[in-house]
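Participant: Fold the following and give me the result.
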Amino acid sequence: MSLRKAIKHLQCPPPFVKTLSSIPFVSSLSTSSLQRPSLKTANRIQLANHHEHKDQDPYSLLKEDPIDICSSLWVKTFSSPPNITFPNLTGFLSKFDLWVLAYQRCCAHATGTFPPRNAIHSQVLRDLLSLRNAVIHGKFKWNKKTEQFIHSPNEKPLTKPLSKRKLQAILDSSEPCFQDRVVQEVVLLILEPIFEARFSPKSHAFRPGRSAHTVIRTIRSNFAGYLWFLKGNLVEILESVDRNVVMGCLEKAIKDRKVLGLIKSALKEPVRCKPHNDETEEPKKDKKRKGTKKRILNENEPKPDPYWLRTFYNFAPEEAVKVPSYGHCGILSPLLANICLNELDHMMEEMIIEFFRPCKSDSIWKYSIDDGCHNPAWPEFVPSSGKHKTRKMDYIRYGGHFLIGIRGPREDALEIRERVIDFSEGAFGIRLDNSKVEIEHITRGIQFLDHIICRRVIYPTLRYTASGGNIVSEKGVGTLLSVTASLQQCIRQFRRLELVKGDKDPEPLPCTSMLYSGQAHTNSQMNKFLETMADWYRYADNRRKVVGFCAYVIRSSLAKLYAARYRLKSRAKVYGIASRNLSRPLRESSNNSAPEYSDLLRMGLVDVIEGVQFSRMSLIPSCDYTPFPRNWIPDHEKVLREYRKLDNPKSFFHLLRSIKQEGLSLPQDEISQIIWDFKTLGIRHFQYDGDKERKEDLEEAPE
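Facilitator: Residues are numbered from 1 along each chain as shown. This next block holds a predicted model:
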């Protein structure tokens, strides 16, 4: 054999290597990996492993307080310009303190208890560190149930190998991995402050400090005087959205490839292959159910929600039912949905400024958008649209549903609807038809978040001083914005819960879900439900009526339940024994030697029976008419803005200069001076200052 053929023969891989290369998970290995490394390469690998193991001590990486890290990120994002980009977020992603905080929050979600930092086991910290390293080095894969770095505290350790059936059931289950939740929490801690500084104040869903109540209060305060309303439905974005749309919105603020790649891989939908024998296999016959014992939950196992909370969840309005879910993003999905819809919010803000056309002869909104009534009791005199009226619009969004109020003719509402439809198709790839962007007049009543926005006609008495000092009283005609709770929607939800039957004249049904609970426990559960309902309808004009109806349904349902449980045959007998609010015990001992309920209660052997709340209309609180500021922001944003001012040295310079010029003064003295000026100079002084400022603006404006 020649020397050239011998060298070629030595370079060919042996037959067993060719056989191994046909296996999928070995085919990725190159033949060079099977060769023995050189001495220099081996020393380099050994040195790298030594440094890696040296730095893998989790306790040495716990250096900072995670709350301080998050706070500094919030301050930095709110202090930066709105168009700034963040090119490097891997530094925050590699901070082990954030991962420990994310694990604590995940444990609180799974077990209901927030474990302290010093109570986390060292092995859990090592597993958490392995998960962090896998994410940083790009080795982490979503929904990898067979290769988990860290497990849930509720998960029992495996003492024996799983069977094929149990393993397949785990792989096919829709429950996400615990480690995915930890990664989502870390990414959420990093991304939320970045985009909260960019979000529009017009959006209120899935954001800290904002809720459905802030939407109702904003509508009551800012939407007075609007004739036409556009009610839009963009729930398709919450259900499914193009991955390129989400990534395009993210890349406007984030340039970090590691974070973008992690979210991009999470947006992929899991593909599951069905076995081939599913179509041919006949359905198995149902076997007879055997008697099973009631399952007792462990101490660290999450308990189901109480009945009152599950019942209130079923009362969720249509706008709040749908929660976005994108691939494996989990708790990141609401934030990503707001990031996409933020484009629509900013477009509507620009349209509001463009649409505004002031008129000096109008009673409100004469000069600027922020002029006008901040009090919902301001009467808007009819007609509220015409040539001599200011044209104005406003916008608010909760999740995938938005509401646009328009003061002007219907042609303007049609034009705005076309622009919204065109923008949704161009930005999100969703074609909306007219049924998803409805135009409704204020007189018909617009339902939003289970509240009806309508207009109430009033006839106020106008008193003014005429020439000669005579006081003239005239009857006027005006309208007030009314926000009432939808009683029909409330009846519909009760009927779905099987607590009432009928529609026009609903009849309460017994609450069979609480059949095996005691009277004290049942009453306390329903009291919590009624308290939550009263709080939900806090800002409704007909709060007493709706909460009174809910209390009547619950009280009658419980009375029928107790009549069936204690065999009393009718509600009247139950009320006769237990009183109107069902606070007296229904089962008294027939044995004279047995202690009475009052004696048992004094000894602490029985629970106190709470009376069902709101048994009378006078006990129901009235509507909360507390004024809501037009440019309201949550408390945490106020603190961040104040901190930004204090951090700026210019604010201290202006404060020092004002102290040198004017001297120190108490807040009480300043308030007294303002009140004295208002009483002595009157409103004319403030109007004169406003006219003077407007004249100066007109003089400075170019011709």
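Participant: C-alpha from now on. contacts and neighbour counts both.
Facilitator: OK.
Participant: Contacts for stretch 421-441, please.
Facilitator: 227-234, 236-237, 241-242, 245, 344, 413-414, 417, 446 (CA atoms under 8 Å, 6 or more residues apart in numbering).
Participant: Counting only strands, which of the residues you listed make the cut?
Facilitator: If you go by DSSP state E, the contacts of stretch 421-441 have 228, 229, 230, 231, 232, 233, 446 in strands.
Participant: wait, what's in contact with the fifth one?
Facilitator: Looking back up the chat, that one is residue 232. Applying CA under 8 Å, 6+ apart to residue 232 gives the contacts 401, 402, 403, 436, 437, 438.
Participant: Model confidence for it, exactly?
Facilitator: Note for residue 232: predicted pLDDT of 93.
Participant: in the stretch 251-400 of the chain, which segments are predicted with low confidence?
Facilitator: Counting by pLDDT under 70, the stretch 251-400 of the chain shows low-confidence ranges at 269-302, 363-387.
Participant: Over to the chain?
Facilitator: Judged by pLDDT under 70, the stretches of the chain that qualify are 1-56, 157-159, 269-302, 363-387, 588-603, 605-606, 679, 681-703.
Participant: Now do the strands in it.
Facilitator: Using DSSP E, the strands of the chain run over residues 228-233, 380-381, 392-398, 401-407, 437-441, 446-448, 451-458, 461-465, 471-475, 478-485, 500-501, 507-508.
Participant: Make a markdown table out of the ones you listed and add distance to residue 309.
Facilitator: Shown next, in a markdown table, are the strands of the chain (distance: least, CA to CA, whole Å):
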| stretch | distance to residue 309 |
| --- | --- |
| strand 228-233 | 27 |
| strand 380-381 | 41 |
| strand 392-398 | 22 |
| strand 401-407 | 25 |
| strand 437-441 | 33 |
| strand 446-448 | 22 |
| strand 451-458 | 21 |
| strand 461-465 | 47 |
| strand 471-475 | 49 |
| strand 478-485 | 20 |
| strand 500-501 | 19 |
| strand 507-508 | 20 |
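Participant: quick one: which of those is nearest residue 620?
Facilitator: Residue 620 lies closest to strand 478-485 among these, at 15.0 Å (CA to CA).
Participant: Adding distance to residue 132 and neighbour count, write the contacts of residue 232 out as a markdown table.
Facilitator: Below are those laid out as a markdown table (distance: CA to CA, whole Å; neighbours: other CA atoms under 10 Å):
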| residue | distance to residue 132 | neighbour count |
| --- | --- | --- |
| 401 | 37 | 21 |
| 402 | 39 | 20 |
| 403 | 43 | 20 |
| 436 | 44 | 16 |
| 437 | 45 | 21 |
| 438 | 48 | 16 |
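Participant: with those in mind, which one is nearest to residue 495?
Facilitator: Of all the contacts of residue 232, residue 401 has the smallest distance to residue 495: 25.1 Å, by CA to CA.
Participant: What about the closest residue to the closest one other than its chain neighbours, how many residues nearby?
Facilitator: The shortest distance from residue 401 to any non-neighbouring residue, by CA to CA, 6 or more residues apart in numbering, is to residue 233 (4.8 Å). As a burial measure, residue 233 scores 19 neighbours (other CA atoms under 10 Å).
Participant: Quick one: residues contacting residue 233.
Facilitator: 400, 401, 402, 436, 437.
Participant: For it, give its distance to residue 317.
Facilitator: Distance, residue 233 to residue 317, using CA to CA, to the nearest Å: 14 Å.
Participant: do residue 193 as well
Facilitator: Residue 193 is 28 Å from residue 317, by CA to CA.
Participant: How about residue 665?
Facilitator: Distance of residue 665 to residue 317, given as CA to CA: 51 Å.
Participant: Settle it for me: which of the two has more neighbours?
Facilitator: Set residue 665 next to residue 317 and count neighbours by other CA under 10 Å: residue 317 wins out with 17 against 9.
Participant: For that one, give me its contacts.
Facilitator: 449, 450.
Participant: So what does it look like in phi/psi?
Facilitator: Dihedral pair for residue 317: phi -70, psi 170, per degrees, to the nearest 10.
Participant: Distance check, it against residue 211.
Facilitator: 13 Å.
Participant: do the same with residue 343
Facilitator: With distances taken as CA to CA, residue 343 is found 20 Å from residue 211.
Participant: Tell me where the stretch 251-400 of the chain has helices.
Facilitator: All helices of the stretch 251-400 of the chain, identified by DSSP state H, counting those that start in this stretch, fall at 257-266, 307-313, 318-321, 333-355.
Participant: quick one: buried residues of the longest one?
Facilitator: Yep, that's helix 333-355 we're talking about. Neighbour-count burial for helix 333-355 flags 333-346, 348-349, 351-352, 355 (criterion: 16 or more other CA atoms under 10 Å).
Participant: same check, this time on the second one
Facilitator: Taking 16+ other CA under 10 Å as the neighbour-count basis, helix 307-313 is seen to contain the buried residues 307, 308, 309, 311, 312.
Participant: which one of these is nearest residue 132?
Facilitator: The closest of the buried residues of helix 307-313 to residue 132 turns out to be residue 309 (CA to CA; 36.1 Å).
Participant: Surely that closest one and residue 531 touch.
Facilitator: No: the pair residue 309 / residue 531 is not scored as a contact, 11.1 Å apart, by CA atoms under 8 Å.
Participant: Between the two ends of stretch 111-124, how far is it?
Facilitator: Stretch 111-124 has an end-to-end distance of 16 Å (CA to CA).
Participant: Can you mark which positions in it are buried?
Facilitator: Buried, per 16+ other CA under 10 Å, within stretch 111-124: 111, 115, 124.
Participant: what about the second one, distance to residue 121?
Facilitator: It refers to residue 115. Distance, residue 115 to residue 121, by CA to CA: 11 Å.
Participant: Residue 561: neighbour count?
Facilitator: For residue 561, using other CA under 10 Å, the count is 22.
Participant: Enumerate the positions of stretch 137-156 that are buried.
Facilitator: Using 16+ other CA under 10 Å as the test for burial, stretch 137-156 gives 140, 142, 143, 145, 148, 149, 150.
Participant: ok, for the third one, nearest residue in space, not its chain neighbours?
Facilitator: Read it as residue 143. residue 177 (5.9 Å).
Participant: mind checking how far that neighbour is from residue 138?
Facilitator: The value you get for residue 177 to residue 138, if CA to CA is used, is 18 Å.
Participant: picking that back up, any chance of a markdown table for the contacts of residue 232, columns distance to residue 74?
Facilitator: As requested, the contacts of residue 232 are arranged in a markdown table below (distance: CA to CA, whole Å):
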| residue | distance to residue 74 |
| --- | --- |
| 401 | 28 |
| 402 | 28 |
| 403 | 30 |
| 436 | 37 |
| 437 | 36 |
| 438 | 38 |
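Participant: ok, those vs residue 557, which is closest?
Facilitator: Among those, residue 401 lies closest to residue 557 (CA to CA), at 34.4 Å.
Participant: my guess is that closest one meets residue 238, correct?
Facilitator: No: counting by CA under 8 Å, residue 401 does not reach residue 238; the two are 10.3 Å apart.
Participant: quick one, what contacts residue 146?
Facilitator: By CA under 8 Å, 6+ apart, the contact list for residue 146 is empty.
Participant: Next up, phi/psi of it, please.
Facilitator: Per degrees, to the nearest 10, the backbone of residue 146 is at phi -90, psi -20.
Participant: Quick check: it vs residue 126, distance?
Facilitator: For residue 146, the distance to residue 126 - CA to CA - is 19 Å.
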